[in-house]
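[1] Fold the following and give me the result.
(one chain, ligands or ions: 1)
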Amino acid sequence: MEYQNTLEFATKADHNDELNAVRDRFHFPVIEGKKCLYFTGNSLGLQPKSTKEFVDQELSDWAAFGVEGHFHSKRPWYAYHEFLTDKTAKLVGAQPDEVVVTHSLTTNLHLLMVSFYRPTKERYKIICEAKAFPSDQYALESQVKFHGFDPEQAIVEVHPREGENTIRNDDIIAKINECGNELALVMIGGVNYFTGQVFDIPRITNSGHAVGAKVGWDLAHAAGNVILKLHDWNVDFAAWCTYKYLNSGPGGVSGIFVHHRHVTNKNLPRFAGWWGHDKETRFLMEKGFDPMPTAESWQLSNAPVLSMAAHLSALTIFDEIGMEKLRHKTIRLSGYLEFLIDEISSELNVNLEILTPRNWEERGCQLSIVAHGYGKKLFEKLMTEGVIVDWREPNVIRMAPVPLYNSFEDVYRFGQILKSALQ
Ligand SMILES: *Cc1c(COP(=O)(O)O)cnc(C)c1O
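    So this is what the prediction gives:
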């Protein structure tokens, strides 16, 4: 695509974009009477207009049926999570028996590590990326301590090289090989939340397996953003939240993936609850946990129906469109943003450094930009002009034009506002 920094180019690109009309299916915040330019779908996705109807359905069924809604509501609550299974499997490239939607992300990471981080005196190390999302760092640290190991020794972080912003896949693989038979687990964010870098999930997974480690992925910034083939990639486990790219509402439910080769293993250690028990005998309420032979056996509790209703609404849209089309638009839209940032940098002779990989294969929607020489005033100016982006001290702007509801015109208008804010 030959990009141009003109409104004419942007409107034409929108006109030719088969997903352009999808944005009308979302609510945009309004700032001072104007629809904002929303670029924080990587933090909290916008609300689909259909979500109210999905949630209202459950509220009215609850009003109408009370407890009987477990069996008599339009979508019976006792099995509500099952309405999400096929769409979730398609979204992350899994078989239906490999996924379930349940709990929240950090909770799920812990539950999965209970099963897949089984350190011994010889094999106890975990490899993760440097500056992992804080919740993941705390989860890893507390798991290591829980098993009586010292995080200083057990957690091995892979850093970017001196003078580089992102981590080389080769360096992760070298570290995996270096740890060798001391390595118990590799757990990395598939898309880095700060830089937007997409890691080579299949290659890293293979390398981890080659030294006898388990490999799990936090896909908080990957699900609904990039194409995933978790089954084919042989990933052991993964988890993601649904309120970022998946537009399922603040604090929404999380998804998990456990590879088929593990789900039928009833001897795998796990923390159990009644919703993971064989559903045929669940209501006999008897002693003795009998896990379902699917990822559902990691469920502890009955389905949080109201937040699942919001998730079902959003997943329905993803299911209808498919990740291929979304990814196709992402590449062009993030490319356009990159083009405009570069243009503005050279035109105004300012240093806007893009931290995110330039190679489109190594990024999703998000670009992280360092505005050298500018401080929080720049961010405040953008906000007063109706642009919602994410600001990280001292001067990093993270923004994600997302293919569901952002347009080329949004990106063009952002460029215009950024330019005048820098002047
Ligand atoms: C957003 C995010 C989280 C948030 O965890 P919650 O349990 O949903 O609060 C965790 N890890 C990563 C990598 C994230 O991007």
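
[2] Give me the pLDDT value at residue 287.
    At residue 287, the predicted lDDT confidence score is 87.

[3] should've said residue 305
    Per-residue pLDDT puts residue 305 at 98.

[4] How about residue 1?
    As summarised for this prediction, residue 1 has a pLDDT of 77.

[5] Can you name the residues that contact residue 57?
    Residue 57 makes contact with 73, 74, 75, 309 under the criterion CB atoms under 8 Å, 6 or more residues apart in numbering. For glycine as for every other residue, the C-beta is placed from the backbone atoms N, C-alpha and C.

[6] Now list the buried members of these.
    Buried subset of these (neighbour count, 16 or more other CB atoms under 10 Å): 73, 75, 309.

[7] nearest spatial neighbour of the first one, skipping sequence neighbours?
    By the measure of CB to CB, 6 or more residues apart in numbering, the closest residue to residue 73 outside its immediate chain neighbours is residue 61, 3.5 Å from it.

[8] where does the helix or strand hosting the one you found sit relative to the chain's centre, distance-wise?
    Taking DSSP states H and E as the definition, residue 61 sits inside helix 51-65. Centroid separation for helix 51-65 versus its chain: 27 Å, with CA atoms, centre = their mean, to the nearest Å.

[9] for stretch 47-61, same thing?
    23 Å.

[10] Return the set of buried residues in that stretch.
    Here stretch 47-61 shows 47, 48, 50, 51, 54, 55, 57, 58, 61 as buried, counting by 16+ other CB under 10 Å.

[11] quick check, nearest of the residues you listed to residue 345?
    Nearest to residue 345 among these: residue 47, at 34.0 Å, using CB to CB.

[12] hang on, isn't the closest one packed against residue 247?
    Yes - between residue 47 and residue 247 there is a contact at 6.9 Å, judged by CB atoms under 8 Å.

[13] what is in contact with these two at once?
    residue 26.

[14] that older thread, closest to residue 251 among the contacts of residue 57?
    Set against residue 251, the nearest of the contacts of residue 57 by CB to CB is residue 309 (14.0 Å).

[15] Quick check: that closest one touching residue 58?
    Yes - in this structure, residue 309 is within contact of residue 58 by CB under 8 Å, at 4.9 Å.

[16] so what's residue 112 up against?
    216, 237, 239, 256, 258, 298.

[17] quick check, nearest of those to residue 26?
    residue 239 (25.4 Å).

[18] Would you mind splitting the chain into its domains for me?
    Structurally, the chain divides into domains by automatic domain parsing as follows: 7-35+322-422, 54-321.

[19] which one of the ones you listed has the most crowded surroundings?
    Among the domains of the chain, the stretch with the highest mean neighbour count (mean count of other CB atoms under 10 Å) is domain 54-321, at a mean of 19.

[20] quick one: is that one near the ligand?
    Yes - Domain 54-321 comes into contact with the ligand (CB under 6 Å from any ligand atom), by way of 104, 105, 106, 133, 135, 136, 189, 193, 218, 220, 221, 241.

[21] C-alpha coordinates for stretch 364-375, PDB please?
    Output of stretch 364-375 as PDB, limited to C-alpha atoms (Å, rounded to 0.1, in the frame of the first residue of the first chain):
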ATOM      1  CA  GLY A 364       0.200  -6.600  16.000                       C
ATOM      2  CA  CYS A 365      -1.900  -3.500  16.300                       C
ATOM      3  CA  GLN A 366       0.200  -1.600  18.800                       C
ATOM      4  CA  LEU A 367       2.900   0.900  18.200                       C
ATOM      5  CA  SER A 368       4.900   2.300  21.100                       C
ATOM      6  CA  ILE A 369       6.500   5.600  20.500                       C
ATOM      7  CA  VAL A 370       9.100   7.500  22.500                       C
ATOM      8  CA  ALA A 371       8.600  11.300  22.100                       C
ATOM      9  CA  HIS A 372      12.100  12.400  22.800                       C
ATOM     10  CA  GLY A 373      12.300  15.800  24.300                       C
ATOM     11  CA  TYR A 374       8.600  15.900  25.200                       C
ATOM     12  CA  GLY A 375       6.900  15.300  28.500                       C
END
